[in-house]
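**Student:** return a 3D structure for these sequence lines:
(chains A, B, C and D)
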Protein chains: 2
Amino acid sequence: MPADTLTSDIDRFKQAALTCPIPAAVELIGEKWAFLILRGAFNGLHHFEEFQAGLGIARNILSDRLSKMVAGGILARSADPNDKRRVIYSLTPKGEGLLPVVLALRQWGEQWGYGNMQILLADRRDLRPVRKICVQAHDGRELKLSELTWIDRDGEGLFSTAAE
Amino acid sequence: MPADTLTSDIDRFKQAALTCPIPAAVELIGEKWAFLILRGAFNGLHHFEEFQAGLGIARNILSDRLSKMVAGGILARSADPNDKRRVIYSLTPKGEGLLPVVLALRQWGEQWGYGNMQILLADRRDLRPVRKICVQAHDGRELKLSELTWIDRDGEGLFSTAAE
DNA sequence: TATATAAGTTGCGATTTGCAACGAATAATA
DNA sequence: TATTATTCGTTGCAAATCGCAACTTATATA
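**Tutor:** Prediction:
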């Protein structure tokens, strides 16, 4: 056994956390209002007043969050050509990439009794609802937590079970 | 056209938001530390001191968040039979259900340059990494935002595009 | 011209955060 | 057994953040 072998869960966690993207991602959208703004954007909201009235958020907080989300590349800020008073906030490709996160949380909330939306996301081609988001194996099989493990990025080294 | 037809994006949004589970879900885990605690739990952390040292969170805040997550049914609090000083915090099935959310956010973060973890989640059977989480049609096809629309829960009524 | 709307900003009291120190119960050690 | 260490908190306090209401600026409308 090498001398630098990590022995405890916490050592392994701290080691893995060093390059984990989650802390930085959470700084951007791991906050109540940022997440609700994101949901609003996916639901077609584009303007300051829409977000303000739609979410019931204080104007200064909304201003702050929109700025941070624009700075973080999630939203783009553009002028409305038809009305120079208005500003259009729209999702960037990077922001659109968060749809699985938003949808997974919505589905979890529905499953655990926090509400059921009257409208559903569906495939535009056949109007059938989208699948429930889940963790899948390479061949598409759904994987439960007990069927998962951690592997080293470069192939082989399995070092701990994911579900402990 | 019926008299109560909703015309503006914001009216439609407010109508849909009335029963949306996301606000309640966000109250529980839509917060920096709650989300990082959840990530820690998925990575095998179980004890107060592990979370504290692993995340660098203040003790009073950690205490508050753990209580709320236990009250919210995400974590379970149990006594350690081998050491009566210790408390074991473990994921409930409800908490485990948040794995797609955590994983989707991690994958998003990796895609957009917030870090790359050395270890990956994999299928325990063949040690092949899990798929990238995405929105899928009923038949498993990946759907982009432009291929999505909203439908009414009871079947037909399509009323707006998802990607505007 | 006068009024309304959109997108913020400012001031201020209330809440939340983060740090450090303290405390009680249990375990390990000398 | 006596002493020290560990574990899981709590408490006090200063700093940062939040949320409300009022104000500002620029543009559109009547």
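**Student:** give me the most central residue, chain A.
**Tutor:** A:V101 (3.3 Å; Cα atoms, centre = their mean).
**Student:** that residue contacts B:G109, correct?
**Tutor:** No - contact status for A:V101 versus B:G109: not in contact, 10.0 Å apart, counting by Cβ atoms under 8 Å. For the C-beta atoms, the positions are set from N, CA and C on the backbone; glycine is no exception.
**Student:** tell me which element A:A16 is part of?
**Tutor:** In this assignment (DSSP states H and E), A:A16 forms part of helix A:9-17.
**Student:** hang on, A:N116 in a strand?
**Tutor:** No - counting by DSSP: H, G, I helix; E, B strand; the rest coil, A:N116 is not found in a strand; it is coil.
**Student:** what's near enough to touch it?
**Tutor:** A:110, B:19, B:21, B:153 (Cβ atoms under 8 Å, 6 or more residues apart in numbering or on different chains).
**Student:** filter the residues you listed to the buried ones?
**Tutor:** Neighbour counting with 16 or more other Cβ atoms under 10 Å in any protein chain shown marks A:110, B:21 as buried within these.
**Student:** reformat the contacts of A:N116 as a markdown table; add secondary structure.
**Tutor:** Output for these, formatted as a markdown table (three-state DSSP):
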| residue | secondary structure |
| --- | --- |
| A:E110 | helix |
| B:T19 | coil |
| B:P21 | coil |
| B:R153 | coil |
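**Student:** out of the contacts of A:N116, which comes closest to DNA strand D?
**Tutor:** For the contacts of A:N116, the closest approach to DNA strand D (Cβ to the nearest atom of the strand) belongs to B:P21, at 19.3 Å.
**Student:** excluding chain neighbours, what is closest to that closest one?
**Tutor:** Among residues not flanking B:P21 along the chain, A:G109 sits closest, at 2.8 Å (Cβ to Cβ, 6 or more residues apart in numbering or on different chains).
**Student:** by how many degrees do the helix or strand hosting the one you found and helix B:99-111 diverge?
**Tutor:** Following DSSP H and E, one finds A:G109 within helix A:99-111. Calculated by axes from the mean of the first three to the mean of the last three Cα atoms, to 10 degrees, helix A:99-111 forms an angle of 170 degrees with helix B:99-111.
**Student:** mean confidence score for helix A:99-111?
**Tutor:** The predicted model assigns helix A:99-111 a mean pLDDT of 98.
**Student:** residues of that helix that come out buried?
**Tutor:** In terms of neighbour count (16+ other Cβ under 10 Å), helix A:99-111 has its buried residues at A:99-110.
**Student:** now what about that helix, what contacts it?
**Tutor:** Residues outside helix A:99-111 that contact it (Cβ under 8 Å, 6+ apart) are A:29, A:35, A:38-39, A:42, A:115-117, A:121, A:130, A:132-133, B:20-22, B:24-26, B:97-98, B:100-101, B:104-105, B:107-108, B:133-135, B:145.
**Student:** list the buried residues of stretch A:16-32.
**Tutor:** Within stretch A:16-32, the residues scored as buried using 16+ other Cβ under 10 Å are A:16-17, A:20-23, A:25-26, A:28-32.
**Student:** DNA strand C versus the residue nearest to A:D123 when sequence neighbours are not counted, what's the distance?
**Tutor:** Nearest residue to A:D123 in three dimensions, chain neighbours excluded: B:A137, at 4.3 Å (Cβ to Cβ, 6+ apart). In this view, B:A137 and DNA strand C are 35 Å apart by Cβ to the nearest atom of the strand, to the nearest Å.
**Student:** how close does B:A137 get to DNA strand D?
**Tutor:** Distance, B:A137 to DNA strand D, by Cβ to the nearest atom of the strand: 38 Å.
**Student:** and that residue, what pLDDT?
**Tutor:** B:A137 carries a pLDDT score of 97 in this model.
**Student:** show me what contacts it?
**Tutor:** Listed by Cβ under 8 Å, 6+ apart, the contact set of B:A137 reads A:123, A:125-126, A:128, A:130-131, B:143.
**Student:** how far is the helix holding A:G109 from where the chain is centred?
**Tutor:** Mean C-alpha position of helix A:99-111 versus that of the full chain (Cα atoms, centre = their mean, to the nearest Å) differs by 9 Å.
**Student:** do the same with stretch A:20-38
**Tutor:** Distance, stretch centre to chain centre, for stretch A:20-38: 7 Å (Cα atoms, centre = their mean).
**Student:** same deal with stretch A:26-45?
**Tutor:** 9 Å.
**Student:** next one: it, is it in contact with chain B?
**Tutor:** Yes - Stretch A:26-45 reaches chain B (Cβ under 8 Å from any Cβ of the partner chain) through A:26-27, A:30-32, A:35-36, A:39-40, A:42-45.
**Student:** beyond the helix holding A:G109, next helix or strand please.
**Tutor:** That would be, after helix A:99-111 and using DSSP H and E, strand A:119-123.
**Student:** list the buried ones in that following strand?
**Tutor:** A:119-123.
**Student:** compute the inter-axis angle for the helix or strand just after it and helix B:99-111.
**Tutor:** Using DSSP H and E, the helix or strand that follows strand A:119-123 in sequence is strand A:148-152. Interaxial angle, strand A:148-152 versus helix B:99-111 (the same axes, to 10 degrees): 20 degrees.
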